[in-house]
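Asker: 3D model of this:
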Amino acid sequence: MAAIYYILCAILWGFALPFLWILSFAKDKYKKSIPARFWLANNPPFSKAKVHFHAASYGEIQALKPLISLFKNSSISVITQTGFEAAKKQSENTRFLPFEIFLPFWLKRSKVLVVFEAELWLMLVLVAKLKGARVILINARISDKSVKSYKRFAFFYRYLFRYIDCVYAQNMVDFDRLKFLGAKNIRVSGNIKSAFLPKPSTEYVKPKGRVVVFASTHSGEEELLLLKLSLSKNDKIIFAPRHPERFDEVSKLLQEFALRNGRSFARFSDTSDKFSADIILVDTLGELVNIYAISDIVVLCGSFIDGIGGHNPIEAAQFNPVIISGEFFFNQTSLYSLVEGITIARADEVSELLKQKNLAKSKISSHSNASEIIADIRRASGESV
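Answerer: Have a look, this model is predicted:
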């Protein structure tokens with residue numbers, strides 16, 4: 001199967017190359033990632049490392065940071081530009097993961113390959129295994145929305161899982177789904193995102209009044225949430241878009257909203273007094289956990305329109321704010337189950353909820369333990385446990 005798969009990938013790559021070339025100029029977020037991944041531009045093989053971590057994007061790298069920091073002799077591969085920038089802060093030995101046809105001659109031997117969540121690339125795990133690595137899948141999950149697609153291609157995943165030595169699943173539902181797909185040596189370890197909670201890097205003084213954060217917003221959500229939003233006199237409203245390429249777009253929306261409502265507006269990066277304005281756009285990465293720490297209410301986005309699947313509520317819940325979420329959080333079901341007191345609402349209900357004074361505060365009900373994963377990586381890499 002591997003040979004047929006490789007040939008099909010090569011055909012697909014040849015067919016898609018002109019479109020990828022055009023796309024690499026169309027958006028800033030693709031200018032580095034597409035050339036690096038699909039024709040190896042400025043993307044040489046790793047320097048030698050014992051442990052190779054692979055994750056998709058910024059959020060996954062942030063979740064992995066505490067684990068990566070335990071292994072100094074490591075390399076990191078990513079898919080997205082924001083993921084690359086975050087990973088580069090953890091290790092200079094960071095690369096974009098090339099398209100699969102390049103991996104047989106590009107991928108360097110490591111003692112351990114640690115794959116995060118659902119990054120199931122056949123050539124990545126196969127080549128790593130053939131070069132002598134122990135292959136571990138951590139934080140493994142199969143969402144409610146994607147389970148049908150996985151089952152449709154079960155024959156493929158049963159072949160892929162031959163090359164994964166151990167799987168750490170988030171919960172028993174994931175355990176059963178992964179077992180059906182052929183995964184072996186499955187252990188339920190919880191969600192690693194609740195084992196390693198990010199801590200504030202900067203301590204801000206909480207401004208007077210109520211601080212309401214619209215966290216990790218996506219295209220279309222800002223308009224929905226602003227449509228009926230009415231503010232109390234002392235409210236501080238903070239918007240933090242998920243993707244940095246949307247900062248200017250969201251800035252325009254918030255400026256117009258502020259003007260209509262007689263409120264002041266500022267971009268976070270433009271002011272020394274970060275919270276002087278009534279409405280603030282967070283236009284820098286890495287600040288969200290700092291802002292969670294001073295928030296009264298967190299409106300957790302990526303969940304008010306279907307198709308995204310929600311974002312991690314644990315990072316905010318550690319500070320016990322009120323958390324309001326949309327109903328479309330299918331990618332984060334396991335994390336939501338670990339937090340008490342999340343209020344679920346439609347976008348058009350959020351404004352009315354913000355008028356209420358006795359909304360339940362959030363609380364983390366259960367923390368995961370990553371000690372078994374850490375010990376597994378250490379044993380395989382030759383480090384003392």
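Asker: what about residue 188, distance to residue 373?
Answerer: Using CB to CB, to the nearest Å, residue 188 is found at 12 Å from residue 373. C-beta coordinates here come from the backbone N, C-alpha and C atoms, glycine included.
Asker: Over to residue 195?
Answerer: Residue 195 is 9 Å from residue 373, by CB to CB.
Asker: can you map out the strands along the stretch 101-250 of the chain?
Answerer: Here the stretch 101-250 of the chain has its strands, by DSSP state E, counting those that start in this stretch, at 112-116, 134-140, 166-169, 186-188, 211-217, 236-241.
Asker: Reformat the ones you listed into TSV and put mean neighbour count, mean pLDDT and distance to residue 309 next to each item.
Answerer: Listed next are these as TSV, based on neighbours: other CB atoms under 10 Å; pLDDT from 0 to 100; distance: least, CB to CB, whole Å:
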stretch	mean neighbour count	mean pLDDT	distance to residue 309
strand 112-116	25	98	16
strand 134-140	24	97	15
strand 166-169	24	96	18
strand 186-188	16	96	21
strand 211-217	24	97	11
strand 236-241	25	97	17
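Asker: closest one to residue 203 among those?
Answerer: Judged by CB to CB, the one of the strands of the stretch 101-250 of the chain that comes nearest to residue 203 is strand 211-217, at 14.4 Å.
Asker: Sheet partners, orientation included, of the closest one?
Answerer: As defined by DSSP bridges, the strand partners of strand 211-217 come to strand 236-241 (parallel), strand 297-300 (parallel).
Asker: want to throw the ones you listed into a markdown table with distance to residue 1?
Answerer: What follows is the strands paired with strand 211-217, written out as a markdown table (distance: least, CB to CB, whole Å):
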| stretch | distance to residue 1 |
| --- | --- |
| strand 236-241 | 41 |
| strand 297-300 | 41 |
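Asker: wait, which of those strands is closest to residue 120?
Answerer: Here strand 297-300 is closest among the strands paired with strand 211-217 (CB to CB), at 26.7 Å.
Asker: quick one: low-confidence ranges for this structure?
Answerer: Across the chain, the ranges flagged by pLDDT under 70 are 384-385.
Asker: so what's the most centrally placed residue in it up against?
Answerer: By CA atoms, centre = their mean, the chain has its centre lying nearest to residue 59, at 2.7 Å. Residue 59 is in contact with 311-312, counting by CB atoms under 8 Å, 6 or more residues apart in numbering.
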